[in-house]
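J.: based on what follows, work out the 3D shape:
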Amino acid sequence: MICQETITAVATAPGEGAVGIVRVSGPAAPTLFQQFFRSRNLQPVQQPKPRHLYFGLFLDEGGHPLDQVLAVHMPGPHSFTGEDVVEFHCHGGSTIISRILELCSTRCRLAQPGEFSRRAFLNGKLDLTQAEAIIDVIRSKTPEAARIASDVMQGRLRDTLQELRGELIAIQGNLEATMEFSDEDIAPASTTALAQRLTGVRQQLETLLAHSRTGMLMRDGAAVAIVGKPNVGKSSLLNALSRSERSIVTAIPGTTRDIVEQYISVHGLPIRLLDTAGIRQSQDAVEQIGIERTRSAIQQADIILWLLDTSRPADEEDHEIARLVQGKPCLVLLNKSDLPRAMDESILHAMDHDTILTTSLQTGDGLEKLMDTLFRKLSGAHHESHSNPLLSRARQRESMANALESLGHAQDTLIRGLGYELVSMDIQHAFSYLGEILGEVVTDDILDTIFSEFCIGK
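T.: I've put the predicted structure just below:
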């Protein structure tokens, strides 16, 4: 599907920089190259070599040099979008970039967010998982998250799913061959062999689905709320984990009035730390708002870090927090382990033993174990290189779960001998659900949602 409209947009980030890029895609792109670009001696470049960078001048509508630029022509279908593409690489001043964009837009319209990538998808240059991975690479907050997204962008998830779909086609072919000769006796071994092959596909899909939580955490980051009463060391913990002075630390109770956020990397997993206001009875209207936001953060966090001061006896404020975190994913940090212990640990009777850690923010003891435990609790596995590509979207998980359900029905129907036609139908459903992940069957609403996340020049 080659679009008849030509689009243009700035492909670099807003603001000043060393270089700015204006991108054009569509049938008018070569005309714009010839109209505005000249070599250094002001001569047009006739029949520019594909994908060759030319150094020269960008002319305004009066034929006057506007800027020194690099220009490249990438004829379709051998371009990112699959269409004729031209790029002008100019100096990164906002005035120059805006002027070049204005001149290019005389022969085309301004692109919508993600429209270049959308055209690449519609023209078969990439599947939907690769398109989604582009924005995941751009927004990745840790090197590990970028690597995982890059794997998907390069087609690893597509290749894995296509291999599994190929196995489903082979199984279905055997079923259809069996139905062709339904008047002949079929040995039980044939049914058993087909059931085993279905089991093999199901196991691989189950592995992909099981690891998808890690994929989604790598994409979105995990929200970790640090809670506790005032002056227990919450801000000091955030500063220690982020290796920065992000939060103000004083001896004055109630210093933190609002939630302070800081991203950190724990074994490659992006974590959004939330330093919350200390929970206590307060008449201060501003502090009360902060405490309500703390309660909301407790409800929404992927995991809670509950900080306790073991050098003091537990009081009603500690018991109130215990009630708030009960039944929620939580790690208890017994802080100030370098001081004599005065706290009665009966307050922890409802907590699992492996969720209670001892730390000293003064000495740094226990912080490494905290990081390891936090990663294990969030990802559900020890830190390792994932051999399989990771699902990272709710829509991918939903389609994968539907495919697994269909294969479960197929296997059950096959074993119970309820008819090869029903088995074949369920396998076809599973095949289609996997195709949904790749974007073979997709609505405009889904495409609008996905590509609206992109910047305009992508």
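
J.: next SSE after the helix or strand bottoming out on mean pLDDT in the chain?
T.: When each helix and strand of the chain is scored by mean pLDDT, DSSP states H and E, helix 285-300 comes last, with a mean of 72. Using DSSP states H and E, the helix or strand that follows helix 285-300 towards the C-terminus is strand 303-309.

J.: so in that sheet, which strands flank that next one, and in what orientation?
T.: Sheet partners assigned to strand 303-309 using DSSP bridges are listed as strand 222-227 (parallel), strand 330-335 (parallel).

J.: ok, and what's touching that strand?
T.: 222, 224-229, 231-234, 237, 298, 314, 318, 321-322, 325, 328-336, 343, 347, 370, 374, 377-378 (CB atoms under 8 Å, 6 or more residues apart in numbering). Quick note: C-beta positions are derived from backbone N, CA and C, even for glycine.

J.: what are the buried residues along the following helix or strand past it?
T.: Moving toward the C-terminus from strand 303-309, the next helix or strand (DSSP H and E) is helix 316-325. Going by neighbour count (16 or more other CB atoms under 10 Å), the buried part of helix 316-325 is 317, 318, 321, 322, 324, 325.

J.: make a markdown table out of those residues and add pLDDT and distance to residue 146.
T.: A markdown table is the format used below for the buried residues of helix 316-325 (pLDDT from 0 to 100; distance: CB to CB, whole Å):
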| residue | pLDDT | distance to residue 146 |
| --- | --- | --- |
| 317 | 83 | 41 |
| 318 | 84 | 40 |
| 321 | 85 | 36 |
| 322 | 86 | 39 |
| 324 | 84 | 36 |
| 325 | 85 | 33 |
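
J.: quick check, nearest of those to residue 357?
T.: Of all these, residue 357 sits closest to residue 325, with 14.6 Å by CB to CB.

J.: just checking, the closest one touches residue 227?
T.: Yes - using CB atoms under 8 Å, residue 325 is in contact with residue 227, at 7.0 Å.

J.: overlap in contacts, these two.
T.: Joint contacts of residue 325 and residue 227 (CB under 8 Å, 6+ apart) are 298, 304, 306.

J.: next secondary structure after the helix of greatest length in the chain?
T.: In the chain, with assignment by DSSP state H, the single longest helix is helix 156-180. Next in sequence after helix 156-180, counting helices and strands by DSSP H and E, comes helix 188-210.

J.: any idea of the mean pLDDT in that following helix?
T.: For helix 188-210, the mean pLDDT works out to 88.

J.: what's the answer for stretch 440-452, then?
T.: So the average pLDDT for stretch 440-452 ends up being 89.

J.: cool, stretch 31-42 as well?
T.: 95.

J.: what's the neighbour count on residue 131?
T.: 22 (other CB atoms under 10 Å).

J.: so for it, what's the pLDDT?
T.: Reported pLDDT for residue 131: 95.

J.: all further residue positions should be reported with the first residue as 76.
T.: Done: numbering now begins at 76, and the last item shifts to residue 206.

J.: next SSE after the strand or helix carrying it?
T.: Here residue 206 sits within helix 203-214, counting by DSSP H and E. Reading on from helix 203-214 to the C-terminus, the next helix or strand found by DSSP H and E is helix 218-228.

J.: quick revisit: can you put the strands paired with strand 378-384 in TSV and add mean neighbour count, distance to residue 489 and mean pLDDT?
T.: What follows is those, written out as TSV (neighbours: other CB atoms under 10 Å; distance: least, CB to CB, whole Å; pLDDT from 0 to 100):
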stretch	mean neighbour count	distance to residue 489	mean pLDDT
strand 297-302	24	40	91
strand 405-410	22	45	90
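
J.: pull the CA atoms of stretch 404-424 into PDB?
T.: Listed next in PDB are the C-alpha coordinates belonging to stretch 404-424 (Å, rounded to 0.1, in the frame of the first residue of the first chain):
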ATOM      1  CA  PRO A 404       3.500  -6.800  47.800                       C
ATOM      2  CA  CYS A 405       5.800  -5.400  50.400                       C
ATOM      3  CA  LEU A 406       9.500  -5.500  51.500                       C
ATOM      4  CA  VAL A 407      10.000  -4.500  55.200                       C
ATOM      5  CA  LEU A 408      13.300  -2.700  55.800                       C
ATOM      6  CA  LEU A 409      14.500  -2.700  59.400                       C
ATOM      7  CA  ASN A 410      16.600   0.400  59.300                       C
ATOM      8  CA  LYS A 411      19.300   1.700  61.700                       C
ATOM      9  CA  SER A 412      20.700  -1.800  62.300                       C
ATOM     10  CA  ASP A 413      23.900  -0.100  63.500                       C
ATOM     11  CA  LEU A 414      22.100   1.100  66.600                       C
ATOM     12  CA  PRO A 415      20.700  -0.900  69.600                       C
ATOM     13  CA  ARG A 416      17.400  -2.400  68.800                       C
ATOM     14  CA  ALA A 417      14.400  -1.200  70.800                       C
ATOM     15  CA  MET A 418      11.500  -2.200  68.500                       C
ATOM     16  CA  ASP A 419       9.200  -5.100  69.300                       C
ATOM     17  CA  GLU A 420       9.000  -7.200  66.100                       C
ATOM     18  CA  SER A 421       5.500  -8.500  66.900                       C
ATOM     19  CA  ILE A 422       4.300  -5.800  64.400                       C
ATOM     20  CA  LEU A 423       5.800  -8.000  61.700                       C
ATOM     21  CA  HIS A 424       3.900 -11.200  62.500                       C
END
